[in-house]
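*Asks:* Structure for this input, please:
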Amino acid sequence: MNFVSIRIITDDVARLADFYELITDGTAVRTADVFAELTTPSVTLAIGSTRTVPAFAPGAAEPAQNRSAIIEFLSPDVDADYARLRDVIDSWVNEPTLMPWGNRSLLLRDPDGNLVNLFTPATPEAIAKFALFTE
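*Replies:* Next comes the predicted model:
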């Protein structure tokens with residue numbers, strides 16, 4: 001089994017797609033006003049409207065309710081990301097910080113309040129761990 005996607009349910013697909021395009025410097029494919037996908041080499045971030053939830057299971061997901069998951073993006077240079085984004089994002093949780101597990105992390109919240117971590121491996125162990133994704 002392969003982990004290929006995570007989906008965020010929102011009341012405003014366009015707003016979240018714009019946000020994730022900004023922080024990743026990527027392009028979301030917007031297949032309908034109720035759905036967008038931002039694909040990276042390792043996983044796809046899907047953004048679905050609350051109007052899509054009944055197709056899965058009515059009432060099974062609610063927008064802007066997450067306080068337990070962190071959406072993480074591996075960045076070549078989190079300090080450069082911070083310099084690029086610091087004046088256009090207003091939902092910073094912290095500035096780039098070296099974590100005990102060896103990543104330099106930058107935390108912020110997306111427009112729905114989901115926690116987002118941009119990180120760059122900084123120690124030899126962390127660099128080795130993520131080498132597959134940086135080659």
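
*Asks:* Of all the residues in stretch 15-31, which ones are buried?
*Replies:* 16, 17, 19, 20, 23, 24, 28 (16 or more other Cβ atoms under 10 Å). Placement of C-beta: from N, CA and C, glycine included.

*Asks:* Okay, and which of those map to strands?
*Replies:* Using DSSP state E, no member of the buried residues of stretch 15-31 sits in strands.

*Asks:* Same list (these) but as CSV, adding pLDDT and distance to residue 103.
*Replies:* Below are these laid out as CSV (pLDDT from 0 to 100; distance: Cβ to Cβ, whole Å):
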residue, pLDDT, distance to residue 103
16, 97, 24
17, 98, 26
19, 98, 22
20, 97, 20
23, 95, 17
24, 94, 17
28, 97, 25
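
*Asks:* mind giving me JSON lines with those residues and columns for distance to residue 95?
*Replies:* Formatted as JSON lines, these follow (distance: Cβ to Cβ, whole Å):
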{"residue": "16", "distance to residue 95": "23"}
{"residue": "17", "distance to residue 95": "26"}
{"residue": "19", "distance to residue 95": "19"}
{"residue": "20", "distance to residue 95": "21"}
{"residue": "23", "distance to residue 95": "15"}
{"residue": "24", "distance to residue 95": "19"}
{"residue": "28", "distance to residue 95": "27"}
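
*Asks:* Among those, which one lies nearest to residue 99?
*Replies:* Using Cβ to Cβ, residue 23 comes nearest to residue 99 of the buried residues of stretch 15-31, at 18.7 Å.

*Asks:* That closest one is in contact with residue 75, isn't it?
*Replies:* No - using Cβ atoms under 8 Å, residue 23 makes no contact with residue 75, being 9.2 Å away.

*Asks:* residues shared between the contacts of these two?
*Replies:* 81, 118 (Cβ atoms under 8 Å, 6 or more residues apart in numbering).

*Asks:* Return the mean pLDDT over whatever helix or strand residue 54 lives in, rounded to an integer.
*Replies:* When elements are assigned from DSSP states H and E, residue 54 belongs to helix 53-56. Throughout helix 53-56, pLDDT has a mean value of 89.
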